[in-house]
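Participant: okay, sequence plus prediction incoming.
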Amino acid sequence: MNYRAEIDGLRALAVIPVILFHAGFEIFGGGFVGVDVFFVISGYLITSIIINDIEKERFSIINFYERRARRILPALFFIMLITIPFAWMWMIPTQLSDYSQSLIAVSLFASNILFWRESGYFDAAAEEKPLLHTWSLAVEEQYYLLFPVFLFFAWRFGKNKVFWAIVFIAAISLIISELGWRKYPSANFYLAPARAWELLAGSMAAFIIQKKGIQKSNLLAFIGLSFILVSVFIFDKSTPFPSLYAILPVVGVFLIVLYGDKETLVGRLLGNKILVGIGLISYSAYLWHQPIFAFTRIRLLNYPSDLLMIFLCLISIFLAYFSWRYIEKPFRSKNIVNKKQILIFSLSGVLFFTSIGFLGHFGVIKSKFKAATFANWRDESLCIVSKTTDFDLVKDEMKERCHSPKGNNNFILIGDSHAESLSKNLRLMIEKRGGNLITLLHNACLPVPGTSRYPFQQKCVENKEAYWKFIQSSNATVILSARWRLHLEGPRFNNLEGGVEYGNNSLNSVISSDKNIFKYTEQFFEESSIKNSIIIVNQIPEAGWNVPNRNARMKELHGVQADITTSYKVYEDANLRVNDMFNRLMNNSRIKVISTEKLVCNTLYEERCLNTLNGKSLYRDDDHPSPLYVELIVREIENITNFN
């Protein structure tokens with residue numbers, strides 16, 4: 001196929017928003033659609049090559065994968081190699097273990113599956129995962145593991161039938177993505193079935209161009225460019241993705257590929273030397289930016305400034321040119337690296353990185369930091385129900401398994417990941433006192449029925465309806481723990497001292513009602529048909545920064561372990577409405593509230609809240625309590641609980 005400079009310009013239009021989005025610039029709130037632009041471009045280019053080879057009867061699966069190895073692996077392996085010493089030097093043990101797993105997954109092109117599986121309780125902040133961005137490479141390679149084989153064997157039925165088969169499969173994939181974000185948003189984001197239609201859109205463009213050639217339409221090409229730009233600047237982290245929303249950037253690329261001839265205004269714009277130059281190094285730029293950003297955030301004690309992030313963006317481009325010039329280009333040349341050499345290189349790289357990954361994961365390669373890993377925080381009790389709407393299972397099997405047939409010392413813990421952090425110590429305390437505990441969990445889900453954040457959390461809504469139905473059928477004391485402020489207020493925490501929490505905002509609202517979320521929540525606990533005794537674990541003071549990480553850095557920098565603290569006033573101001581609500585609920589004799597802030601914040605600490613105690617972290621990250629803090633909370637629950 002003939003070279004199209006405007007396609008390289010499109011690559012620049014894809015990678016620049018992605019980099020600026022990951023740098024944290026809010027104006028590029030929809031910059032993540034750059035990945036979708038890449039998918040369409042990749043589908044178009046690879047399908048064009050395969051069609052051309054099949055029609056000339058020279059297509060070879062082996063040659064196809066050789067080209068993919070030359071294109072993908074050298075720069076990827078080089079940057080993975082560069083990250084290893086920084087991971088060892090700068091990551092605390094839990095981070096190093098997660099990073100080691102990602103080395104294995106990336107080597108096997110399964111990182112999208114790993115990051116999907118890690119997206120549950122207590123997953124590390126996405127901004128601190130150096131190889132997180134490789135999920136998109138995994139999606140592409142999984143797609144191209146199957147697509148060329150399909151195309152080769154289906155070709156005998158005729159080009160027209162193959163095209164319509166692709167249209168049909170793409171439609172099914174689009175339906176999966178639209179349904180998937182409602183029930184399984186994380187799987188929908190990371191896994192190939194919900195993304196395949198984007199690559200197939202590029203494949204469809206390849207078929208059309210192979211038949212009719214590249215068309216010229218200033219209007220349609222401009223509409224395509226507008227669709228992409230609107231997506232970049234209008235979408236944000238709250239936009240369900242992928243979904244029908246993704247049609248906008250995908251159709252935008254589709255129109256430019258079909259109608260953005262080099263003689264159109266859009267074609268000339270995308271074909272200018274600057275954008276083409278960035279497009280040529282876009283793959284390396286994409287590979288470099290996330291590790292640079294992640295390790296900077298890990299290394300710094302405070303939130304990076306905008307000026308620093310702009311500088312790091314420029315560094316990413318500079319390093320991208322270096323790896324494109326001296327890594328990518330030589331490996332693509334068969335005169336420099338022959339087929340046997342690229343095979344040996346590929347297999348050696350996979351073996352090397354998987355070996356390093358296993359050694360790191362199992363602790364043979366140890367972090368230089370001796371920070372607590374909190375390895376035993378999870379409750380492996382059989383008395384946990386997580387993410388299920390099977391009411392019969394909850395009612396019958398869990399009740400039989402977890403509730404004593406005699407006595408009244410039965411408890412149900414319900415909530416999000418904050419509840420799970422309490423579950424193990426809480427269960428041990430309750431069982432020691434002759435009681436039993438069932439834990440009902442759903443990550444990032446406000447444990448109040450009839451509520452959801454946006455995008456709509458269908459599984460969250462269904463699960464907690466089942467959970468509260470079960471609660472109503474029991475005489476158990478209910479213990480609630482959640483990240484109340486984030487669920488009810490929305491914004492991530494800023495301690496105003498350099499600790500700004502990474503991640504998405506999470507404001508909930510009442511389903512099918514314009515009621516105020518605070519008023520609705522208070523009325524649910526105060527006036528609902530729930531007659532059980534209730535213990536509410538109030539909002540744990542958020543730190544804003546990753547406390548174990550900061551604790552390790554402080555010791556490294558100063559040689560001594562001084563306690564880390566944050567402002568009590570900032571906590572009070574951020575949680576004013578939350579605390580007022582729970583203070584009013586304490587007037588109800590059926591409800592007791594554990595004021596967790598009183599365990600670590602008071603005037604004895606000069607109006608500060610302790611993040612560490614005697615050099616040991618009270619937090620697993622920036623907001624989840626460590627076992628040390630959990631023990632203090634569980635002791636308070638024990639003190640106010642009447643055991644028969």
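Facilitator: In hand now; what should we look at? Numbers count the residues shown, from 1 in each chain.
Participant: could you measure from Arg453 over to Ala194?
Facilitator: Using Cβ to Cβ, to the nearest Å, we find Arg453 at a distance of 20 Å from Ala194. All C-beta spots, glycine's among them, are computed from the backbone N, C-alpha and C.
Participant: I'd like the next helix or strand past the helix or strand where Thr47 lies.
Facilitator: Assigned by DSSP states H and E, Thr47 belongs to helix 33-55. Using DSSP H and E, the next helix or strand after helix 33-55 towards the C-terminus is helix 61-90.
Participant: that following helix packs against which elements?
Facilitator: Under the contact definition 3 or more Cβ pairs under 8 Å, 6 or more residues apart in numbering; DSSP states H and E, helix 61-90 sits against helix 33-55, helix 93-107, helix 135-154, helix 282-299, helix 306-323, helix 329-332, helix 339-361.
Participant: now do that helix, average pLDDT.
Facilitator: Averaging pLDDT along helix 61-90 gives 95.
Participant: how about stretch 468-487?
Facilitator: The model assigns stretch 468-487 a mean pLDDT of 92.
Participant: and it, which residues are buried?
Facilitator: 468, 470-471, 474, 476-487 (16 or more other Cβ atoms under 10 Å).
Participant: tell me what the helix holding Thr47 is packed against?
Facilitator: helix 5-22, helix 61-90, helix 135-154, helix 196-212, helix 218-234, helix 247-259.
Participant: quick one: which of those helices is nearest Ile281?
Facilitator: Among the helices and strands packed on helix 33-55, the nearest to Ile281 by Cβ to Cβ is helix 5-22 (8.6 Å).
Participant: got the angle between the closest one and helix 247-259?
Facilitator: 160 degrees (axes from the mean of the first three to the mean of the last three Cα atoms, to 10 degrees).
Participant: returning to that earlier point: in terms of neighbours, single out the busier of Arg453 and Ala194.
Facilitator: Ala194 (27 against 21; other Cβ atoms under 10 Å).
Participant: contacting residues for the more buried one?
Facilitator: 173, 176-177, 180-181, 187-188, 242 (Cβ atoms under 8 Å, 6 or more residues apart in numbering).
Participant: report the separation between it and Glu178.
Facilitator: Using Cβ to Cβ, we find Ala194 at a distance of 9 Å from Glu178.
Participant: keeping just the C-alphas, turn stretch 332-340 into PDB.
Facilitator: Provided in PDB are the C-alpha atoms of stretch 332-340 (Å, rounded to 0.1, in the frame of the first residue of the first chain):
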ATOM      1  CA  ARG A 332      12.600  -3.100  11.100                       C
ATOM      2  CA  SER A 333      15.400  -3.500   8.600                       C
ATOM      3  CA  LYS A 334      15.900  -7.100   7.500                       C
ATOM      4  CA  ASN A 335      19.400  -6.100   6.300                       C
ATOM      5  CA  ILE A 336      20.300  -5.300   9.900                       C
ATOM      6  CA  VAL A 337      18.300  -7.900  11.800                       C
ATOM      7  CA  ASN A 338      17.300 -11.000   9.900                       C
ATOM      8  CA  LYS A 339      14.400 -13.400  10.600                       C
ATOM      9  CA  LYS A 340      16.400 -15.800  12.800                       C
END
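Participant: other residues contacting that stretch?
Facilitator: 66, 70-71, 330-331, 345.
Participant: mean confidence for it?
Facilitator: Stretch 332-340 comes out at a mean pLDDT of 93.
Participant: list the buried residues in that stretch.
Facilitator: Neighbour count says stretch 332-340 has Val337 buried, by 16+ other Cβ under 10 Å.
Participant: could you do stretch 602-611 as well?
Facilitator: Residues of stretch 602-611 classed as buried by neighbour count (16+ other Cβ under 10 Å): 608-611.
Participant: could I get the contacts of stretch 332-340 as CSV with distance to Tyr502?
Facilitator: Below are the contacts of stretch 332-340 laid out as CSV (distance: Cβ to Cβ, whole Å):
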residue, distance to Tyr502
Glu66, 39
Arg70, 36
Arg71, 32
Pro330, 37
Phe331, 35
Phe345, 36
